[in-house]
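Undergrad: Sharing a model prediction with you, sequence too.
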Amino acid sequence: PASSADRIIKEGERSINTTSLFILDDTENVDIEDGGQSSPSADRATKEGGRSIDWKFLILGGTTAAVVVGLLAAVITLAIETTSSGENEDKTIGSCMAWTKSGLEQLDVKSWKHFSEDDSLSLYLKKFPFPGENFTEKHFDAWKDHVDSSAGDLKNLHDQGFIKSCSMDSGESATRALAEVFEGYSAVPTLFSDPIIIDQTPIDFRMQFAADIGSTAIGESAAKGRLVNPAGRRLREHFYRFPDQCDATPIALEVFLRLMIYDQIEAFFHKDDTKIGLFHDLFQDVDRREMNDEELSVARWYGERYAEGYVHKIRNGWVYPLGDKQNIDRYMIAVGLDPADNNMDPTSPVGLGNVVGKRLTEWLAANDGLQKDNNFVDIEGLESIAEKHPDMGVAWNKWKPSFTGSSRFQGIRDGIVTQQTFVSPSLGIFSFLYENEQDFLDLELESAVPVLDMSEAAYIERSKEFLDIQRTMTDYEKAVAELSNNKISGSVFMIKAFVPLLKSLVSGEDFPRLYDEFSMVTSGCGEYAAVHAAWRHKRTYVAGRPQTIIPHLAKTNAEFQATYPEAATFKPLIPAGDHPEYPSGSSTIYTAFVQAGDDWFKNRLGFENASSETGPLSFTIPAGKFYWTDGPTEDITLEYENLMEWVKELPKSRVYGGVHFIDAGEAGLALGKEVGHACSALLKRLLDGDMTATYTYEGRELINPFNEEGEAVNTTVKAFFD
C-alpha cells in the first residue's frame with residue numbers, strides 16, 4: 001500500500017505522478033525520463049512457507065513506502081536464496097546476520113568487487129550487497145582478505161556495528177527492516193517544490209540510485225543500454241540554487257548534448273548499416289563494432305560526464321550537490337565504474353565514451369557562438385542586438401530587462417542590484433538544424449511566425465484578451481501554468497504520454513533501441529532546435545512582456561484603464577525569462593517535440609497522429625506545492641483526453657502564467673510544427689549516412705541573426721530617436 005501522494009495506478013491507466021520519474025509495470029522497470037530499462041522485476045512473487053507476495057501492478061511513487069514495495073521482493077528473495085540449501089549456494093552465517101549501512105561504508109570502493117559474486121564477466125557491479133541484506137560466509141572471507149585480516153569472528157563485527165542480527169520470519173519484519181534502511185531516500189521529483197539533497201558516501205549513492213529506479217538491481221539496470229538520468233536530478237537542484245540560469249536554453253542545451261552524445265556513441269555500434277551521429281566528422285579514426293548493450297551503456301556513462309559538466313560547473317563546486325564531485329560520478333560509483341578513468345582508447349567502452357564526450361564538447365565550445373569558454377558571456381551578441389534595437393529598454397513596446405536584488409545570484413551581498421540580459425544572444429545563428437540562410441527560409445522557419453504588429457492599437461487588443469483570461473483564473477489555471485513553465489516536468493509529461501503507446505506497438509526486444517531514436521529526434525533535436533529557430537524571431541522584434549506593456553497602456557489610455565483597472569498594477573504569476581516575448585519559447589519547444597514525435601511514429605511504425613492517440617493523461621500538483629505562489633488549497637489534477645489537447649492549451653497556459661500574450665503562444669505552435677518536421681528530415685539523413693547533415697559539415701554557414709521583414713515593423717517608436 002502507498003500513501004495518497006504515492007498513487008498506485010492500475011493497469012491500463014496512464015497517469016503522471018508528481019513525485020516520481022519511473023514506471024514499474026508488469027514487464028520491465030523503465031526510467032521514464034530517459035526511457036531506460038532495468039531488470040524485469042515488477043511481476044514478482046516470493047514465497048515463504050506457502051505465503052505469496054505478488055507485485056503485479058504499476059507503481060508511481062516517491063516516498064519510502066513506494067520504494068519499499070518496489071525493493072522488498074529482491075531483498076526477501078535474496079534472504080531465502082542465501083538461507084536455502086544447495087551445493088552452489090552461499091550459506092548465511094548463524095541464524096541471520098545483515099549488513100549495516102555503516103559496515104558497508106567501511107569498505108573502500110575498490111574492494112567492492114570482492115564482495116560482489118558472479119560479476120567477473122560484467123563491466124558493472126551487480127551483486128554487491130545493500131544495507132539490510134544478508135552477511136554471508138563469502139562476505140566474511142572477502143572482509144578478512146581485503147579489508148581487515150584481524151577481523152576476528154562474527155561477534156566482533158557485530159559488536160562494532162558492521163553487521164547486526166536480523167529476523168526473516170515474516171514478510172512484515174522484512175518490510176519494517178527495509179523501510180528503516182531506505183528511510184529518507186526518495187525518487188527524483190517532477191516538481192521544483194520537492195528538492196532532494198543526497199548524502200556523500202558511496203553507499204548513499206547506491207541507495208539513491210535504487211530509490212530512483214525502484215529496484216536494488218541497479219547494476220542490471222545500468223547494463224541494459226540506457227541510463228538513469230542524473231542530469232534531471234542535477235537540473236532540479238540547479239533551479240533551486242540558481243533560478244536566474246534555469247531558462248529554456250541551458251536546459252535544452254544540456255539535454256541536446258546528452259542525447260547527441262548517446263546517439264553518436266551508439267552509431268559506432270551499428271557495424272552493418274549507414275547510421276551516423278550528428279558529429280560523425282570528428283571521429284574518422286573510430287571504427288564501428290558489433291552491438292553490445294553493456295559496452296554501449298558504459299561508453300554512454302563516460303560520454304555523459306562531459307555533457308553534465310559542460311554548462312553547470314561553478315566556482316565553488318558542482319551544482320548538484322555543491323561539492324567536489326559532479327552528480328553523474330555518484331551514479332557511476334554506485335554501479336562499480338570509476339569516473340576518474342581517463343582512458344582515451346576508442347576501442348574500449350570507457351575510451352569511446354571519453355573520446356566522444358571530449359571531442360564533441362570541445363568542438364561545440366569553439367563553434368556554436370555561445371562563448372562557453374568565456375563563461376557564456378557573449379558580449380558581441382549582446383552588442384549586435386543593442387545596435388539593431390537602440391530603443392530596447394526605453395520604448396514602451398520593447399523588452400525591458402527586469403532589475404532584481406541579491407536573491408538572484410549565489411554569493412552576492414544585499415544591496416547589489418542586477419539586471420536581466422538577453423540569455424544566449426547568438427543562439428541559432430550557427431545551427432545543426434539548417435545549413436544556411438536559404439535553408440532556414442526553405443524549412444519555413446521564418447514564414448511560420450506571423451509578422452508582429454507592435455502598434456498601440458494591436459497591443460490594446462492583445463491586452464484586453466490577456467486580462468479577460470486572467471480575470472477567470474482559479475487554482476486549476478495556475479496549475480496549468482506551472483506545468484508548462486517547468487520545462488523538466490513538461491518534457492516528462494510528453495515522454496510519459498508517448499512511451500506507453502510505443503511499448504504497445506513494438507516488442508520488448510526492439511523497444512530500447514527504438515526509444516533511443518525517438519529520444520534523439522524529440523528531446524535531443526526538437527527541444528534545442530526550437531530555441532535555435534525561436535531566438536531569431538526574438539532578436540528581430542525584442543518585444544515587450546505583458547508586465548511592462550499592460551501597466552504602460554493603463555497610464556496612457558484612459559478608456560483601457562477604465563475598463564481594466566487592474567492593468568495599472570498587473571504582475572505576472574511567474575517571472576518572465578531572460579529574453580523577449582515573441583514568440584513563446586515554451587510553446588515552440590513543446591510543439592517541436594510533439595510534432596517530431598508524431599512524424600517519428602508515422603515514419604518508423606506507420607502510426608499516424610500519435611499525439612492524438614495517447615489516451616487520457618493527467619498531472620497532479622498536491623496541495624501546497626505550487627512553486628510560484630501559495631497553494632493550491634487542495635490537490636489539483638489536470639486531465640486531458642490526449643497529448644495533443646495539452647499542446648493546444650499551451651498558448652493559454654502562458655497567458656495564465658502572465659508571461660506571454662496569446663498570439664506569442666500561437667506563433668510558437670506554428671514554429672514548433674516546422675521545427676519538428678525539420679528534425680524528422682534531419683534524422684532520416686543521419687540514418688542514411690549523409691555526412692552533409694552533420695553539425696560539423698564544413699559547408700555549414702552562419703545565418704542572418706534577424707528577419708529582414710521585421711526591420712520596419714516598429715514604426716511607432718522611431719520618432720523617439722528622431
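TA: Now that the structure is in, tell me what you want to look at.
Undergrad: Any regions of the stretch 51-200 of the chain where pLDDT drops low?
TA: Segments of the stretch 51-200 of the chain classed as low confidence (criterion: pLDDT under 70) are 51-95, 118-121, 167-199.
Undergrad: ok, now with 50
TA: Within the stretch 51-200 of the chain, the stretches with pLDDT under 50 are 51-89, 170-171, 174, 193.
Undergrad: Helices of the stretch 401-550 of the chain, start to end?
TA: Using DSSP state H, counting those that start in this stretch, the helices found in the stretch 401-550 of the chain span residues 437-442, 456-471, 475-485, 487-505, 511-519, 527-541, 546-556.
Undergrad: okay, those helices in JSON lines with distance to residue 253 and mean pLDDT next?
TA: C-beta: built from backbone N, CA, C; applies to glycine. Formatted as JSON lines, the helices of the stretch 401-550 of the chain follow (distance: least, Cβ to Cβ, whole Å; pLDDT from 0 to 100):
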{"stretch": "helix 437-442", "distance to residue 253": "20", "mean pLDDT": "98"}
{"stretch": "helix 456-471", "distance to residue 253": "30", "mean pLDDT": "98"}
{"stretch": "helix 475-485", "distance to residue 253": "18", "mean pLDDT": "95"}
{"stretch": "helix 487-505", "distance to residue 253": "12", "mean pLDDT": "93"}
{"stretch": "helix 511-519", "distance to residue 253": "16", "mean pLDDT": "93"}
{"stretch": "helix 527-541", "distance to residue 253": "6", "mean pLDDT": "97"}
{"stretch": "helix 546-556", "distance to residue 253": "26", "mean pLDDT": "97"}
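Undergrad: Highest mean neighbour count out of those?
TA: Counting by mean count of other Cβ atoms under 10 Å, helix 527-541 has the highest mean neighbour count of the helices of the stretch 401-550 of the chain, with a mean of 27.
Undergrad: ok, back up a step: so which of the helices of the stretch 401-550 of the chain is nearest residue 301?
TA: Closest approach to residue 301 among the helices of the stretch 401-550 of the chain (Cβ to Cβ): helix 511-519, 14.9 Å.
Undergrad: I'd like to know which elements that closest one is packed against.
TA: strand 36-37, helix 248-267, helix 487-505, helix 585-605 (3 or more Cβ pairs under 8 Å, 6 or more residues apart in numbering; DSSP states H and E).
Undergrad: Averaged pLDDT, the next helix or strand after the longest one. What do you get?
TA: Sequence order places strand 617-621 as the next helix or strand after helix 585-605, per DSSP states H and E. Strand 617-621 shows an average pLDDT of 94 in the prediction.
Undergrad: what's the angle between the next helix or strand after strand 617-621 and helix 475-485?
TA: With elements assigned by DSSP H and E, the helix or strand that comes after strand 617-621 is strand 636-640. Angle between the axes of strand 636-640 and helix 475-485 is 70 degrees (criterion: axes from the mean of the first three to the mean of the last three Cα atoms, to 10 degrees).
Undergrad: before we move on, the earlier item: tabulate the helices and strands packed on helix 511-519 (JSON lines), appending distance to residue 352.
TA: Compiled in JSON lines, the helices and strands packed on helix 511-519 are given as follows (distance: least, Cβ to Cβ, whole Å):
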{"stretch": "strand 36-37", "distance to residue 352": "19"}
{"stretch": "helix 248-267", "distance to residue 352": "6"}
{"stretch": "helix 487-505", "distance to residue 352": "27"}
{"stretch": "helix 585-605", "distance to residue 352": "26"}
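Undergrad: so which of those gets nearest residue 628?
TA: Closest to residue 628 of these is helix 487-505 (Cβ to Cβ; 13.0 Å).
Undergrad: Show me where the stretch 301-450 of the chain dips below the pLDDT cut-off.
TA: Those would be 316-321, if you go by pLDDT under 50 across the stretch 301-450 of the chain.
Undergrad: just the strands in it please.
TA: Remark: strands assigned in the stretch 301-450 of the chain by DSSP state E, counting those that start in this stretch are 313-314, 317-318, 403-404, 418-419.
Undergrad: returning to that earlier point: out of the helices of the stretch 401-550 of the chain, which is closest to residue 583?
TA: helix 527-541 (5.5 Å).
Undergrad: just to revisit the earlier point, nearest approach to residue 417 belongs to which of the helices of the stretch 401-550 of the chain?
TA: The nearest among the helices of the stretch 401-550 of the chain, by Cβ to Cβ, is helix 546-556 at 17.4 Å.
Undergrad: tell me which residues in the helix or strand that that closest one is followed by are buried?
TA: Later in the chain than helix 546-556, the nearest helix or strand by DSSP H and E is helix 558-563. By neighbour count on 16 or more other Cβ atoms under 10 Å, the buried set for helix 558-563 is 560-561.
Undergrad: Of all the helices of the stretch 401-550 of the chain, which one is nearest residue 585?
TA: The closest of the helices of the stretch 401-550 of the chain to residue 585 is helix 527-541. By Cβ to Cβ, the value is 5.1 Å.
Undergrad: what's the angle from the closest one to helix 487-505?
TA: 140 degrees.
Undergrad: Which neighbouring elements make contact with helix 527-541?
TA: helix 248-267, helix 585-605, helix 662-687.
Undergrad: Reformat those as JSON lines; add distance to residue 402 and mean neighbour count.
TA: Putting the helices and strands packed on helix 527-541 into JSON lines (distance: least, Cβ to Cβ, whole Å; neighbours: other Cβ atoms under 10 Å) gives the following:
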{"stretch": "helix 248-267", "distance to residue 402": "17", "mean neighbour count": "25"}
{"stretch": "helix 585-605", "distance to residue 402": "17", "mean neighbour count": "25"}
{"stretch": "helix 662-687", "distance to residue 402": "18", "mean neighbour count": "23"}
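Undergrad: any chance of those in TSV, with distance to residue 624 and mean pLDDT too?
TA: Below are those laid out as TSV (distance: least, Cβ to Cβ, whole Å; pLDDT from 0 to 100):
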stretch	distance to residue 624	mean pLDDT
helix 248-267	25	90
helix 585-605	25	97
helix 662-687	28	98
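Undergrad: so which of the helices of the stretch 401-550 of the chain comes closest to residue 115?
TA: helix 511-519 (29.6 Å).
Undergrad: thinking again about what came up before, the helices of the stretch 401-550 of the chain: which one's closest to residue 425?
TA: From those, taking Cβ to Cβ, the stretch that ends up closest is helix 527-541, at 7.3 Å.
Undergrad: so how far is stretch 213-227 from its chain's centroid?
TA: Relative to its chain's centre, stretch 213-227 lies at 18 Å (Cα atoms, centre = their mean, to the nearest Å).
Undergrad: Could you check how far residue 685 is from residue 673?
TA: 19 Å (Cβ to Cβ, to the nearest Å).
Undergrad: Around residue 565, how many other residues sit close by?
TA: Neighbourhood size, residue 565 [other Cβ atoms under 10 Å]: 10.
Undergrad: Need the per-residue pLDDT for it.
TA: 97.
Undergrad: thinking again about what came up before, relative to residue 249, which of the helices of the stretch 401-550 of the chain is closest?
TA: Residue 249 lies closest, by Cβ to Cβ, to one member of those: helix 527-541, at 5.4 Å.
Undergrad: Nice, that's everything, thank you.
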